[in-house]
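> Using only what follows, build the 3D model:
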Amino acid sequence: METQNQLKKLQEIELSILYEFSKICQKHNLTYFLVGGSCLGMIRHKGFIPWDDDIDLGMPRKDYQKFCEIAQAELPDNLVLQNFDTEPKCGLVFGKIRKQGTVLSEDYSYHINMNQGVWIDIFPYDFVSNNKWVRKIDYFRTLFYKNMYIIKSGYKNPHPDRIMYRIMYRIAKTIVFPFSLNFFIKKLKRNMMKYDDTEFVFPYGGAYPEKDLFTKDLISSTISLPFEDYYFLTFEQYERYLKQLYGDYMVLPPEEKRQSGMHHIHQIDLG
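Sure, this is the predicted structure:
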């Protein structure tokens with residue numbers, strides 16, 4: 001985990017990446033929104049949650065795809081877009097913008113030949129079926145292909161000390177062996193983008209699969225609010241969003257739980 005000084009510097013770098021991202025979105029009229037802990041920090045702290053070490057963004061799929069098409073040409077030279085099209089071995093079903101000349105690698109992927117710089121995450125929000133049971137089938141099918149893609153990309157077992165994980169990891173390695181990375185990427189694209197317009201949206205790469213399903217009106221309107229020294233966008237219905245994810249979101253957690261705990265950092269070099 002980062003020291004306090006590292007955390008502050010890391011947040012500064014991530015904020016600078018977010019600023020460049022937002023400039024491109026504004027220029028091209030692309031919709032985005034702060035999500036997860038970044039949205040919570042915006043509302044509760046007017047910036048980062050003090051112990052948070054990342055920035056999470058969401059975009060409607062169509063805006064996400066447009067951003068990916070223009071990002072390489074419009075991002076500053078020290079920033080790169082990373083997703084399964086730009087770096088097939090990254091193992092991601094969403095996008096990251098990473099900063100060149102820095103390192104923020106994780107225990108299970110530090111060895112993979114991909115950009116390992118400090119990042120912010122961008123989660124595309126996809127339309128999903130209006131039928132509850134079809135949604136479940138689609139979700140678990142996508143989850144299967146996502147896990148197979150991650151293992152085919154070369155990620156290490158995140159829980160090598162647990163025997164069931166070791167067994168499942170070995171079985172999965174055998175399953176993926178005859179297939180290419182592109183096979184799993186095509187399957188993921190087909191499953192995540194199979195609906196053009198329904199009543200519900202869902203971020204397949206998100207961290208809250210049980211809570212992240214919303215009606216599409218959530219992503220149809222945004223509001224500009226302060227975050228650190230800038231203004232960025234989040235859901236106009238942020239209260240509805242945060243209640244569904246966190247419950248009584250304005251109440252601080254107990255001190256012993258005020259830590260990120262989300263990233264298993266292998267190496268950190270902030271340049």
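> and residue 124, which of the three is it?
Under the three-state scheme (DSSP: H, G, I helix; E, B strand; the rest coil), residue 124 adopts strand.
> Pull the contacting residues for it.
With contact taken as Cβ atoms under 8 Å, 6 or more residues apart in numbering, residue 124 is in contact with 58, 59, 60, 61, 64, 65, 94, 95, 192, 203, 204, 205. Every C-beta, even on glycine, is put in place using the N, C-alpha and C of the backbone.
> Name the residues linked to the third one by a beta bridge.
Taking DSSP bridges, one obtains residue 125 as the residues bridged to residue 60.
> didn't residue 230 look like it was pressed against residue 16?
No - taking contact to mean Cβ atoms under 8 Å, the distance of 10.1 Å between residue 230 and residue 16 leaves them out of contact.
> Looking only at neighbour counts, state which of these two leads.
With neighbours defined as other Cβ atoms under 10 Å, residue 230 and residue 16 compare such that residue 16 has more, 16 against 12.
> all helices of the protein, in order?
Counting by DSSP state H, the chain has helices at residues 4-27, 36-44, 61-74, 132-152, 163-176, 181-192, 238-246.
> Okay, now the sheet partners of the helix or strand of the chain at the bottom of the mean pLDDT ranking, with direction.
The helix or strand with the lowest mean pLDDT-type score in the chain, counting by mean pLDDT, DSSP states H and E, is strand 265-269 (a mean of 92). Each strand that pairs with strand 265-269, with its direction, by DSSP bridges: strand 103-106 (antiparallel).
> Residue 132 and residue 72, how far apart?
In this structure, residue 132 and residue 72 are separated by 39 Å, where distance is defined by Cβ to Cβ, to the nearest Å.
> same question but for residue 20, I mixed them up
Distance, residue 20 to residue 72, using Cβ to Cβ: 13 Å.
> Comparing the two, which residue is more hemmed in?
In terms of neighbours (other Cβ under 10 Å), residue 20 is the more surrounded of residue 20 and residue 72; the figures are 17 against 11.
> how much space between the more buried one and residue 241?
Residue 20 sits at a distance of 25 Å from residue 241 (criterion: Cβ to Cβ).
> Give me the spatial nearest neighbour of residue 176, chain neighbours excluded.
Closest residue to residue 176 in three dimensions, ignoring its sequence neighbours and counting by Cβ to Cβ, 6 or more residues apart in numbering: residue 152, at 4.3 Å.
> List the contacts of that neighbour.
Residue 152 makes contact with 176, 179, 180, 181, 184 under the criterion Cβ under 8 Å, 6+ apart.
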